[in-house]
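Participant: My questions concern the predicted model and sequence given below.
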Amino acid sequence: MNKPYRIIYYVLGICIFSIVMFCSLKYLNLSWVESNTSYVKVTINFLIPMEQDQLKEHIQLRGTRENQTAFNYSIKWLNKQVVELKFEEQNELKGQKIKLIIGAAPTQFKGLSKSATIPLQFKTDIELLEPTNKLLVSSTHAFVIAFNTPVSMQQINKYLQCETRFDIKPFEIATSAGESFTDDTRFLLTPKSALENGKNYILIIKAGMRAKCGTFLKQDQIIQLEVDQKPTINKTYPIDGDKWIGLYPRILLESKEEVAQVYAMINNQPLKGTLVDSKHAYFILDELLKPETAYELKFQVQVSSGEVSESKVIHFTTTTLEQKRFWMDIHLGKEKQICCYEGTKCIRKIPCQYTQNKNAYLLGTYYLQGKAEVYEDNSNYLGGNYWMIISDKLGIQGDLRDSYWQPSNQFNKAKNIIISDEDAAWLYGKIATDTMIIVRE
């Protein structure tokens, strides 16, 4: 081989050797880990002298979950190149597996830094955090048990004893980044078959169950389950067998017990329910019902334990729309107007204004309570001609007027639906007591 080529290969070899040695010095460390139920101690020999005061700035702890608990740690240098790091878990969650990452910590040799990634397994005694007292549960819905440290689902299946069987699943928790992770400290237990209402069950987690950190449950954990009674629906509107129901009824429900959720379906289509208080709810329809049509309503309520009532089924029939029957459909949503009908034919559309906060509980079917030639609101010094009373909280009137009976622009204080005097005069002459009035968005 020619001499120039030997020199090139020689220089290339030196370069490769230098790179290998540099990388080795950068990443080659000696470390050992000591773990117990109080702390994890890591001893690292960086093999070369370090800039000791700067190490803290280059330490990271990375876990598998977003809600990683806080850690307290101390740094103790045994000599110029050997450091002892002592870590303690601070919050309720214990026994985690994390990574200690040291990134580009400076050495006493200019241009050379040290990096390391070391897995750390904390240890802790297993504790049952939830439930701590007798737990009121549903006969069919899941309930939660929680530990202070990660446990595998297989271990719970193996060490759980009860006269009934459960499907066991860990919690899935969504992160702020839109991802999800499995929370292996919290588990959902769902009865494989319905539990008996009013009965008490004993659930035992036997000693010997192993946590993921390697420790074992020292003594049996006993969980007392009390199965809730089924809640009862007292009243509904409509009731079973009702006839002549308006085309946009405000569907009502009353429960005997305090409830957390309410459900209703009309002809198998779900309705959105709203709780007025702990025992009363209402449901609003999306569209008008058809006249002279039979409907089926199904109601259920759910209490805080998760227990659900039996379905309460009612049947009702809507009112007729004879050819000349006069009725009104008032829209208080984005496009505010009153549609006046004779039978199924719209004979007049009247623009209207309504500035009060729309309370969904006011939506529904009404029947005119009465009418008067004038309306006066003495508290706000406002009034109007042609007052038509829909309910004690809502009415229709002509142009808004002040105390001198001049046109007013104080619409934000008006309590009624406002229409022009011309439209009000026509409507006042047309409408009669018990006229069907539908109020909706």
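Facilitator: On my side now, so go ahead.

Participant: Quick check: which ranges of the stretch 101-250 of the chain have low pLDDT?
Facilitator: Scanning the stretch 101-250 of the chain for pLDDT under 70 picks out nothing.

Participant: Which parts of it are helices?
Facilitator: Here the stretch 101-250 of the chain has its helices, by DSSP state H, counting those that start in this stretch, at 153-159.

Participant: can you pull out the strands in it?
Facilitator: Per DSSP state E, counting those that start in this stretch, the stretch 101-250 of the chain carries strands over the ranges 113-121, 128-130, 135-137, 143-147, 160-161, 166-174, 180-191, 200-205, 221-227, 233-237, 242-245.

Participant: for the stretch 251-400 of the chain, same thing?
Facilitator: Applying DSSP E, counting those that start in this stretch to the stretch 251-400 of the chain gives strands spanning 251-255, 261-266, 269-275, 280-284, 294-302, 312-318, 326-331, 337-342, 345-351, 364-367, 370-377, 382-391, 394-397.

Participant: Most tightly packed of those?
Facilitator: Most buried of the strands of the stretch 251-400 of the chain, by mean neighbour count (mean count of other C-beta atoms under 10 Å): strand 394-397, with a mean of 24. Yep, even glycine has a C-beta here, placed from its N, CA and C like the rest.

Participant: pLDDT on that strand, on average?
Facilitator: On average, the pLDDT along strand 394-397 is 96.

Participant: Which neighbours in the sheet does it have, and how are they oriented?
Facilitator: Sheet pairing of strand 394-397 (DSSP bridges) gives strand 382-391 (antiparallel), strand 417-418 (parallel).

Participant: Distance to N200 and mean pLDDT for the ones you listed - can I get that in a markdown table?
Facilitator: Formatted as a markdown table, the strands paired with strand 394-397 follow (distance: least, C-beta to C-beta, whole Å; pLDDT from 0 to 100):
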| stretch | distance to N200 | mean pLDDT |
| --- | --- | --- |
| strand 382-391 | 49 | 96 |
| strand 417-418 | 57 | 96 |
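
Participant: out of those strands, nearest to K218?
Facilitator: Among the strands paired with strand 394-397, the nearest to K218 by C-beta to C-beta is strand 382-391 (66.2 Å).

Participant: hmm, back to that, turn the strands of the stretch 101-250 of the chain into a markdown table, columns for distance to S31.
Facilitator: Formatted as a markdown table, the strands of the stretch 101-250 of the chain follow (distance: least, C-beta to C-beta, whole Å):
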| stretch | distance to S31 |
| --- | --- |
| strand 113-121 | 6 |
| strand 128-130 | 33 |
| strand 135-137 | 45 |
| strand 143-147 | 30 |
| strand 160-161 | 39 |
| strand 166-174 | 32 |
| strand 180-191 | 27 |
| strand 200-205 | 36 |
| strand 221-227 | 37 |
| strand 233-237 | 66 |
| strand 242-245 | 78 |
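
Participant: do you know which of those strands lies nearest S38?
Facilitator: Each of the strands of the stretch 101-250 of the chain was scored for nearness to S38 using C-beta to C-beta, and the closest is strand 113-121 (13.8 Å).

Participant: and the closest one, which strands flank it?
Facilitator: strand 97-106 (antiparallel).

Participant: how about the strand it pairs with: buried residues?
Facilitator: For strand 97-106, a neighbour-count test (16 or more other C-beta atoms under 10 Å) marks I98, L100, I102, A105, P106 as buried.

Participant: Among the residues you listed, which one sits closest to K324?
Facilitator: Minimum distance to K324 across those is 79.2 Å, recorded for I98 (C-beta to C-beta).

Participant: and the residue lying closest to the closest one once chain neighbours are set aside, how many neighbours does it have?
Facilitator: Nearest non-adjacent residue to I98, counting by C-beta to C-beta, 6 or more residues apart in numbering: G63, 4.5 Å away. Neighbours of G63 under the rule other C-beta atoms under 10 Å: 15.

Participant: residues near Q353, how many?
Facilitator: 14.

Participant: dump the residue contacts of it.
Facilitator: K336, F411, A414, I417, I418, I419 (C-beta atoms under 8 Å, 6 or more residues apart in numbering).
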